[in-house]
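Visitor: with the input below, show me the fold.
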Amino acid sequence: QVQLVESGGGLVQAGGSLRLSCAASGSTFSNYFIGWFRQGPGKERDIVAAISWSGGSIYHADAVKGRFTISINNAKTTVYLQMNSLKPEDTAVYYCAASSGWGLNPYDYDYWGQGTQVSVSS
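Guide: Below you'll find the predicted structure:
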């Protein structure tokens with residue numbers, strides 16, 4: 001069973017950058033699919049990006065395509081979300097999650113981190 005710990009959130013001005021990290025504990029990400037989700041105030045939890053453990057399959061939501069990049073390190077222990085050109089509408093709690101199969105919906109994922117707050121000021 002893998003445990004997930006997110007870090008890297010914070011407050012940034014519009015146009016700025018942040019890099020979120022999702023570290024695996026108790027296991028590596030080998031044989032898992034990892035997703036980044038976000039949930040803004042009063043909104044549903046939506047997929048932001050997803051990656052297979054091999055890095056061979058990658059997805060970015062249209063809202064972040066060209067601005068955010070998901071990646072995984074060679075040791076398969078950490079997944080990153082590089083966020084550039086941040087906008088106020090990117091403000092949300094960001095969660096990483098792991099699944100044994102490929103999916104883009106929250107209910108496809110079995111393991112979740114605690115979340116990290118990202119706030120973008122205008």
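
Visitor: nearest residue to the middle of the protein?
Guide: Per CA atoms, centre = their mean, the C-alpha nearest to the average position across the chain is that of Trp36, at 2.4 Å.

Visitor: quick one, phi/psi of that one?
Guide: Here is the backbone geometry of Trp36 (degrees, to the nearest 10): phi -110, psi 130.

Visitor: my guess is it meets Gly9, correct?
Guide: No. Counting by CB atoms under 8 Å, Trp36 stays clear of Gly9, with 11.7 Å between them. C-betas here are computed from N, CA, C, even on glycine.

Visitor: what sits in contact with each of those two?
Guide: Counting by CB atoms under 8 Å, 6 or more residues apart in numbering, the shared contacts of Trp36 and Gly9 are 20, 94.

Visitor: returning to what we had before: what sits against the residue nearest to the centre of the chain?
Guide: Contacts of Trp36 (CB under 8 Å, 6+ apart): 20, 22, 47-50, 70, 79, 81, 94-97.

Visitor: can you add secondary structure, distance to Gly113 and pLDDT and give these back as a markdown table?
Guide: Shown next, in a markdown table, are the contacts of Trp36 (DSSP: H, G, I helix; E, B strand; the rest coil; distance: CB to CB, whole Å; pLDDT from 0 to 100):
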| residue | secondary structure | distance to Gly113 | pLDDT |
| --- | --- | --- | --- |
| Leu20 | strand | 10 | 98 |
| Cys22 | strand | 6 | 98 |
| Ile47 | strand | 15 | 98 |
| Val48 | strand | 13 | 98 |
| Ala49 | strand | 14 | 98 |
| Ala50 | strand | 14 | 98 |
| Ile70 | strand | 15 | 98 |
| Val79 | strand | 10 | 98 |
| Leu81 | strand | 12 | 98 |
| Tyr94 | strand | 9 | 98 |
| Tyr95 | strand | 6 | 98 |
| Cys96 | strand | 5 | 98 |
| Ala97 | strand | 7 | 98 |
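
Visitor: now these as TSV including distance to Ala61 and neighbour count?
Guide: Output for these, formatted as TSV (distance: CB to CB, whole Å; neighbours: other CB atoms under 10 Å):
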residue	distance to Ala61	neighbour count
Leu20	15	23
Cys22	17	27
Ile47	6	21
Val48	6	24
Ala49	7	25
Ala50	9	24
Ile70	10	23
Val79	16	28
Leu81	11	27
Tyr94	13	23
Tyr95	14	23
Cys96	15	30
Ala97	14	23
